[in-house]
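Novice: Predicted model, plus sequence, below.
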Amino acid sequence: MGLVQLHLPAFQVILPMLAAPLVMLMARSPRAAWATATLVSWLSLAISLMLLVRVQAEGVVTYHMGGWLPPVGIEYRVDSVNILVLLVISFISAVVMPFARQSVASEVREDKHGYFYAAFLLANCGLLGIAITGDAFNIFVFFEIAALASYSLIATGRERQAVMASYQYLMMGTIGTTFLLIGIGFLYIMTGTLNLMDLAARLPEVNDTRTVRAALAFIVVGISLKLALFPLHLWLPNAYAYAPSMVTVFLSATATKVAIYVLMRFIFGVFGHELSFNELEMNLLLMPLAMLGILIPSIVAIFHTNIKRMFAYSSVAQVGYIILGISFASTLGLMASVLHLFNHAITKAALFMALGCIAYRLGGVSLIHMTGAGQRMPWTMTAFVIAGLSLIGVPLTAGFVTKWHLILAALDGGLWPIAVFLLGTSVLALLYVWRVVEVAFFRPPLRRIKVREAPLSLLLPTWFLTLACLYFGIETSLPVGLAERAAEALMGGYP
Amino acid sequence: MSPFPLMEAAVAIPLTLAIPALGAVLIALCGRRPNLRDGLMVAIAALLFITVLQILPAVLAGERPAITLIELLPGLSMAFEVEPLGMIFALVASSLWIITSLYAIGYMRGANESKQTRFHACFAVALFSVMGVAFAENMFTLFIFYEVLTLSTYPLVAHKGNREAQQGARTYLGLLLGTSIGFQLVAIVATWWLTGSLSFSEGGIMEGHVGHGLGGLLLLLYVYGIGKAALMPFHRWLPAAMVAPTPVSALLHAVAVVKAGVFTILKVSTYIFGQDYLRELWSADLLMYIAAFSLLAASLVAIQKDNLKARLAYSTVSQLSYITLGAMLAHEFAAIGGGMHIVMHAFGKITLFFCAGAIYVASKKTNVSEMDGLGRRMPFTMGAFLLGALAVIGAPPMGGLWSKWHLVLGAADSGQLLMVLVIMLSTLLNIAYLLRPVVRAFLMPPKDAIAGQGGIREAPLLCVVSLCITALGCMALFLAADPLRAMLGNLFVN
């Protein structure tokens, strides 16, 4: 095995980390900074794909940082669960970078571009690190890296409220990661280890102690803050609404998803679903919160006229769907959740990209800005409609595949009302997407503004993701297969 | 299921979908050149009809040509299979599309409507989804095309773009999408979960999998979930859709969309529930009474409507209930009658709408009360109106006789004498609301100056020609009823 192959897991994280200061040094030349960051994001995707090949062949890929054996050293561990998360992150960042050049140029001050792309790479590095590492403390560290980088990314937004939004996110995010740290500390006190697999092996002995249960509580609440589980979602709408378009695309597709992955890892992998669900009955907490989290933000979304904010609320609702799948505590439910991690990432990224195109040409994303946009920017708006259909969960789009599995999982658990509830809430999604369609296609455009279709460098990535929404809605075997294996692995705890 | 021995049929099925779909794109591309665009549209419609005809021999021979396009998930596929009901529905829709596109050219130009390209392109998409609905092999495929049909007709309803059109279009979309997702999709998922299948199969798929109590609930969900059948109290969308230009009301809201609704009800009742199973359900009787009520109530409302299109819309609500009623009777004759009524009512009602549109284009009149003496000015139009009205009423020598005949036979044979009475009573009501415009037009003296002008002032030639063709079609169907009945009889060979 070649040297590169051997150190693939390390490269996955280190590459963007090392590239970040380099990019920052290029602050004088935005073009060079962008090119370097793009190159790195593409290389990251290549590494993820190579890891996928290895995981398919070997089952689990482990890597010992610095040659120190776990549980003493830090272990990177890629299995069928987190390979999916790695792919989502690196895929989205590889697609969003070509989109970034013109979008960022129009939305971020030019002298900040170097810092911007450096922060982007650091966020990338942090998210990839969270996903790949097999060490609890390492997860915390990467969480902080990703979070600090995203705070600064959000703060680069054009409007002054961006700073406030970033500050809000910083507060909530810090509370979240602190809780996580406290939980991890408790676990360390009780078991003397930080390695996730080792933790899973040692915890059953001390399961009955109050400390371990407190640790679980701290960790779940802490991560729930990060993944914006209702009612801990208040930081998210502002952060998404005021961040530059490209940042919203990237964060909406990856940041909450990675936190959800960590939640899954802890409650199924480390604590085991025996303890989490059978003994502590966490489904009684998660299920109502998930359902409220679907219902209330969806209704709120209907009444927002800033479309970016509207879709931010929709993101909170989508997180609800994923948590709902987790709360079924079944392989089918988990499979639906893992599928939705992927499907929602591409769907929401496509939607926010379309909004980025609109912001680029029309200067804003309020409902008023979009009046008649269907005539002025037909390609953008068509992509918007298709991605919107995927968000609703219409057949032949990626969103349908998730909804279908989620409904099956509900029926499988004997939860008839939830299956009906899921169909009913699709109508809410339909309402808020349709509002935009009606304004964009069935109202005459505002006369005084001359607008052309968005430039190709924005349009191509948007359409790439839109077609992905369609492709993965028709050819379902790849994500479904990956999700199935991931769900089985998660239900089995740590092998 | 036979593996398709006729290459033609297997090739023709995907073609029937591809032709209108590509047609829509072509029409959209030719927006700058109206003559080319409109010529193309008629050509596409004709081509579609010819392609649909290619499947007919196989179906007449008792075969069911089938094809699977894609399998989304295990057990969930986009698949098509042509059986007699779907064949008839596709034939009606595609043949009437040719005439409607001729009519639409005359109407849209005559009335100087804007955005004609979008209009015609959406029309083609609607036909594309009608073909999908007609040929769907399973409920999943049908549902997808059912929704595409709703969405593609929304721009047609909202066409005028004023407040009224937008309100109407919202009601239209809200009711149709709401019922289909809230009820129909629930029923579909439940069916799949309980029986493990969504395929339309002879004798139904419910027997032995679903208890009668739950089956009854599912039937309710299906029938109300298929909002396009306009069973009361979910019928409001149909009058609301009348803000659309008349060709839309004619082909879509008298033929394609509403017939897709009752067609789906017939499909579900025969192939998902199966008549034997359906007869045992508690809700079948309930729905039958609701359909009977809907039938009479809509007729009574129609009598009071002065606006001609609104009157015709309520008449459609009433006529659709005949078919729902036939399906709920779960009797062979009644189902055949229901199938025939799809055809007969289609020809009758499209004629009436064509006439209403022609009257609007020629004299800007929309109300029945303004039509006094109009017969002297527009003799062809009003003559055709008379024929169409007779067809909907079900009087000889019109095809409409046969469908009502079979429905009554079915009702009588299953011992539902009350239903026989309802059908008879409603026929009287039909006469009351449909013949009044004709009587006013021919027998009353002209009231105003426009109607009183001497000489014949008809609508554009294309409009008049098309409405005469469909009126004659109503008559021809009187003679052609037997092959139709024979083909529908194939539904129940086993």
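Specialist: Looks like it arrived, so ask away.

Novice: Next one, pLDDT for A:M310 please.
Specialist: pLDDT recorded at A:M310 is 92.

Novice: what number of residues lie near it?
Specialist: 26 (other Cβ atoms under 10 Å in any protein chain shown). To be clear about C-beta, it is placed using only N, CA and C from the backbone, and glycine gets the same treatment.

Novice: Setting aside sequence neighbours, what's the nearest residue to it?
Specialist: Spatial nearest neighbour of A:M310, chain neighbours left out: A:H304 (4.1 Å); criterion: Cβ to Cβ, 6 or more residues apart in numbering or on different chains.

Novice: does that neighbour count as helix, strand or coil?
Specialist: Three-state call for A:H304 (DSSP: H, G, I helix; E, B strand; the rest coil): coil.

Novice: Touching, it and A:P297? I think so.
Specialist: No. Applying Cβ atoms under 8 Å as the test, A:H304 and A:P297 come out as separate, 10.2 Å apart.

Novice: between the two, what contacts are shared?
Specialist: A:Y313 (Cβ atoms under 8 Å, 6 or more residues apart in numbering or on different chains).

Novice: So which of those two has more stuff around it?
Specialist: The neighbour count for A:H304 versus A:P297, taken as other Cβ under 10 Å, is higher for A:P297 (27 against 20).

Novice: Shouldn't the more buried one be within a strand?
Specialist: No. Assignment of A:P297 by three-state DSSP gives helix, placing it outside any strand.

Novice: need the contact list for it.
Specialist: A:P297 neighbours (Cβ under 8 Å, 6+ apart): A:F230, A:H233, A:Y313, A:S314, A:V316, A:A317, A:G320.

Novice: tell me the contacts of the first one?
Specialist: Shown here is A:F230, whose contacts under the criterion Cβ under 8 Å, 6+ apart are A:L289, A:A290, A:L292, A:G293, A:I296, A:P297, A:V316, A:V319, A:G320.

Novice: can you pull the pLDDT of the fifth one?
Specialist: Turning to A:I296, the model gives it a pLDDT of 93.

Novice: Ok, B:A111 next?
Specialist: At B:A111, the model reports a pLDDT of 69.

Novice: now do A:F140
Specialist: 94.

Novice: Likewise for A:Y360?
Specialist: pLDDT, A:Y360: 87.

Novice: was I right about it contacting A:S106?
Specialist: Yes. The pair A:Y360 and A:S106 passes the contact test of Cβ under 8 Å, sitting 5.5 Å apart.

Novice: okay, these two: which has more neighbours?
Specialist: Between A:Y360 and A:S106, A:Y360 has the larger neighbour count (other Cβ under 10 Å), namely 20 against 16.

Novice: measure that one to chain B for me?
Specialist: 26 Å (Cβ to the nearest Cβ, to the nearest Å).

Novice: so which strand or helix has residue 14?
Specialist: Reading this off chain A. Assigned by DSSP states H and E, A:I14 belongs to helix A:8-25.

Novice: try chain B instead
Specialist: Taking DSSP H and E as the definition, one finds B:P14 inside helix B:7-29.

Novice: is that helix anywhere near chain A?
Specialist: No. Using Cβ under 8 Å from any Cβ of the partner chain, helix B:7-29 stays clear of chain A, coming no nearer than 10.1 Å.

Novice: avg pLDDT for the helix or strand following that helix?
Specialist: Next helix or strand after helix B:7-29 toward the C-terminus (DSSP H and E): helix B:34-60. This predicted structure assigns helix B:34-60 an average pLDDT of 85.

Novice: now stretch A:96-111
Specialist: 87.

Novice: Also stretch B:374-384?
Specialist: The average pLDDT for stretch B:374-384 rounds to 82.

Novice: State the helix or strand in which A:R77 lies.
Specialist: strand A:75-78.

Novice: For that strand, C-alpha coordinates in CSV please.
Specialist: Listed next in CSV are the C-alpha coordinates belonging to strand A:75-78 (Å, rounded to 0.1, in the frame of the first residue of the first chain):
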residue,chain,number,x,y,z
GLU,A,75,-7.4,7.0,16.5
TYR,A,76,-9.0,8.0,13.2
ARG,A,77,-11.6,5.5,12.3
VAL,A,78,-13.6,5.4,9.1
